[in-house]
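1. My questions concern the predicted model and sequence given below.
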Amino acid sequence: MYNLELSQAINDWQAIGIGKNKTSIAEKIIEHSNDLPPKFKTLHSKCYRHLALSGRNSVLLGANMQLPETYSSWTIDRSVAQQFNGGIPSIGRQGIIFEIDNNAPDFEVIINLHELFKDEDFLLVCNQRKNEITSFETGIGYFMNNEAEVILKIKRITTDQIWSYGGYSSSREQLAERFLGRKPTDTEFVYIDSLIKQLNINLGGRWVTGEAKDRIVRLHIETAQRLTKRE
């Protein structure tokens, strides 16, 4: 059941499963995982995917209310999605986390690595064959279950599936100037800092969810559709 070919394919996905390689690696996982129990081919909870979209792709998402997808890595752990690739992308790229569950259309679980890496027999096999698995130390040996990963094949992700937006608040200096209408003195900064603490204002990057996220989704769609109509 836990053959060397499957272990190698999973290792390759974790080590280099990006870009043009991901389709061929995913298909090898499919080929060599036919004998796995259903629990390793099932989504047991909601899962999340973090994307850092360029301006063009962000506009396409808003204008079409969806983006095409193929084989991709998701995680059942929200914190992993939030911290992926350094967390919130730098200004110029839009950080978005998508959420799907078993009710999502047009998707297939290729393999639930989170469940597989909890299986003691699979871990034992990987340890026994680690010298036979090429680049084990940069794949399974490095990641194991740290990313609580599920590999999915999904046709599209949509704006309805957005769980969170990543963005940056105004800086301390910008907030102070907006509040006072001018550049503050050092003494006034002391007062501004006390207000920031009192009001529990989070400076810097943060992930927005809930109603605030819903407002941003609507604005994203409206802005993107307006921009594309001008073109």
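-> Here it is on my side, so go on.
2. how about Trp74, secondary structure?
-> Counting by DSSP: H, G, I helix; E, B strand; the rest coil, the backbone at Trp74 sits in strand.
3. so what pLDDT did it get?
-> Reading off the confidence values, Trp74 has pLDDT 97.
4. all helices for this structure, in order.
-> Counting by DSSP state H, residue ranges of the helices within the chain are 4-16, 21-32, 55-64, 78-83, 113-116, 120-128, 140-143, 172-180, 186-198, 210-230.
5. what's next to the third one, contact-wise?
-> When contacts are taken as CB atoms under 8 Å, 6 or more residues apart in numbering, the neighbours of helix 55-64 outside the stretch itself are 53, 67, 92-94, 96, 159, 220-225, 227-228. For every residue, glycine as well, the C-beta is placed using N, CA and C.
6. Quick check: of the residues you listed, which has the highest neighbour count?
-> Sorting the contacts of helix 55-64 by how many neighbours each has (other CB atoms under 10 Å) puts Ile96 first, at 28 neighbours.
7. Identify the residues contacting that residue.
-> His50, Leu51, Leu53, Leu61, Ile162, Ser164, Tyr165, Gly166.
8. and the residues you listed as TSV, adding pLDDT?
-> Shown next, in TSV, are the contacts of Ile96 (pLDDT from 0 to 100):
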residue	pLDDT
His50	96
Leu51	95
Leu53	93
Leu61	95
Ile162	97
Ser164	96
Tyr165	94
Gly166	89
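9. wait, which of the residues you listed is closest to Ser194?
-> Nearest to Ser194 among these: Gly166, at 27.9 Å, using CB to CB.
10. Nearest spatial neighbour of that closest one, chain-adjacent residues omitted?
-> Nearest non-adjacent residue to Gly166, counting by CB to CB, 6 or more residues apart in numbering: Gly95, 2.9 Å away.
11. what number of residues lie near the nearest residue to Ile216 once chain neighbours are set aside?
-> In space, Ile216 comes closest to Tyr165 once its chain neighbours are excluded; the distance is 5.0 Å by CB to CB, 6+ apart. Residues near Tyr165, counting by other CB under 10 Å, number 20.
12. these two touch, right, Tyr165 and Gly95?
-> Yes: the pair Tyr165 / Gly95 is scored as a contact, 6.9 Å apart, by CB atoms under 8 Å.
13. quick one: common contacting residues for these two?
-> Trp207.
14. I'd like the contacts of Ile96 laid out as TSV, including distance to Asn146.
-> Below are these laid out as TSV (distance: CB to CB, whole Å):
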residue	distance to Asn146
His50	15
Leu51	20
Leu53	25
Leu61	28
Ile162	25
Ser164	21
Tyr165	25
Gly166	21
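15. Nearest to Cys126 among those residues?
-> Proximity of the contacts of Ile96 to Cys126 (CB to CB) peaks at His50, which lies at 26.2 Å.
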